[in-house]
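Peer 1: Here is the input, now give the coordinates:
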Amino acid sequence: MVSPAQQTLFLPFDNGILLPPVGETRFLAAGIEANTALGDVWKTALTCLQPFRPDYLKLQSTGFHAVTRLDDHARFDGGLLLLGKHRGRNEEWFADLLSRVAPGGTIVVCGGKKLGIDSFRKWAGKTVAVEDRLSKNHAVVFWLTRPAELTDEAIAALRPAAKHVNGQFHTAPGMFSHGEVDRASALLAGHLEGRLSGAVADFGAGWGYLSAECLKYPQKIRKLDLYEADFEAIEAARGNLSGFAGDVPLAFHWHDLVSEPVTEIYDTVVMNPPFHEGRATDVSLGQAFITAAARRLKTGGRLLLVANRQLPYEATLKPLFRSVETLQETDGFKAIEAKK
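Peer 2: All right, here's what the predicted structure looks like:
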């Protein structure tokens, strides 16, 4: 079922206010989900910019053309933007649309009211005049025409700045814990010494903080594999760890741990699993990560996990592991060691 906000995104076309694509018309769509109700005209016209692997896979499997990044020379006749929860990534995508859509082309933007669509509309309107808006399904859609006189400098000014953490890690808006070390991950990092061995995996690796902490003990690690569903984050991790690895072989997997199987076997898995789907808590995400780890750990292998203290992961861990021990509880988080 497609989100109400995405239904609202297409409302100006459904109502005949805006013209849908015809012939060779091409639209760039940033952040949209797969929607089988969209006809072949839209499927043919759309290039879907989607770095989040679960949504990317659904788009591809339902016949849409999905990409993680745009070719330098890609240009379009119109654009669509479905806002996500990360304001910085929304701003980056809006700038992408302005730089890729031809002058005179229509750009349509939609988001839920709780995601700040009204403030985003006012922000966008400071650079390009908003022509009109509609409201439905607790969402707002607005549209504008890409001006011919808009300069590259004006578009560049819209892009949020990347942030460096500890002077060494590159992070960008949209990534988990953009611009700072996550406190829960830092808690788990304090318990890695003496607990890492052999083949190690980082499930939900983000931009690579926990993996970098693992690499502080290279004499204990035979190899380190990173798994992450956000393409931009795993690519950032690839760059961030280039100076840390030494002789430890690294592998970077753009991977959905919920729907895609892991094929390797590990001695140690570390994780700070996600627990939000949009704005709602979704314990099943962390449970899926734990189940995936249990399947791919050797007998005697070790899972090192950190989570918010109130999340009931012990009920999932205990049937799958020989022993489960809370290493530390502090500041609303818990670090757990589970042995297979």
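Peer 1: what's the closest non-adjacent residue to residue 44?
Peer 2: residue 21 (7.7 Å; Cβ to Cβ, 6 or more residues apart in numbering). Any C-beta I mention is one placed from the backbone N, CA and C, and that applies to glycine too.
Peer 1: Phi, psi for that neighbour please.
Peer 2: phi -60, psi 150 (degrees, to the nearest 10).
Peer 1: Can you give me every residue that contacts it?
Peer 2: Counting by Cβ atoms under 8 Å, 6 or more residues apart in numbering, residue 21 makes contact with 27, 41, 42, 44, 45, 77, 78.
Peer 1: Nearest spatial neighbour of the fifth one, chain-adjacent residues omitted?
Peer 2: Yep, that's residue 45 we're talking about. residue 21 is the one closest to residue 45 (Cβ to Cβ, 6+ apart), at 3.6 Å.
Peer 1: how close does that neighbour get to residue 89?
Peer 2: Here the criterion is Cβ to Cβ, to the nearest Å. By it, residue 21 lies 25 Å from residue 89.
Peer 1: And for residue 134?
Peer 2: Taking Cβ to Cβ, one finds residue 134 at 24 Å from residue 89.
Peer 1: repeat for residue 130
Peer 2: Distance from residue 130 to residue 89, by Cβ to Cβ: 21 Å.
Peer 1: Now for the contacts of residue 21, which sits with the most neighbours around it?
Peer 2: Greatest neighbour count in these, by other Cβ atoms under 10 Å, goes to residue 78: 26 neighbours.
Peer 1: All the strands of the stretch 101-250 of the chain, residue numbers only.
Peer 2: Under the criterion DSSP state E, counting those that start in this stretch, strands of the stretch 101-250 of the chain are mapped to 106-112, 130-136, 139-145, 163-165, 169-171, 198-203, 221-228, 250-254.
Peer 1: Check the ones you listed for me: which has the lowest mean pLDDT.
Peer 2: Among those, strand 163-165 carries the lowest mean pLDDT, a mean of 90.
Peer 1: buried residues in that strand?
Peer 2: residue 165 (16 or more other Cβ atoms under 10 Å).
Peer 1: other SSEs contacting that strand?
Peer 2: strand 169-171 (3 or more Cβ pairs under 8 Å, 6 or more residues apart in numbering; DSSP states H and E).
Peer 1: So what's the gap between the strand it packs on and the chain middle?
Peer 2: Distance of strand 169-171 from the chain centroid (Cα atoms, centre = their mean, to the nearest Å) equals 15 Å.
Peer 1: Paired strands for it, with orientation please.
Peer 2: The strands that strand 169-171 pairs with in its sheet are strand 163-165 (antiparallel) (by DSSP bridges).
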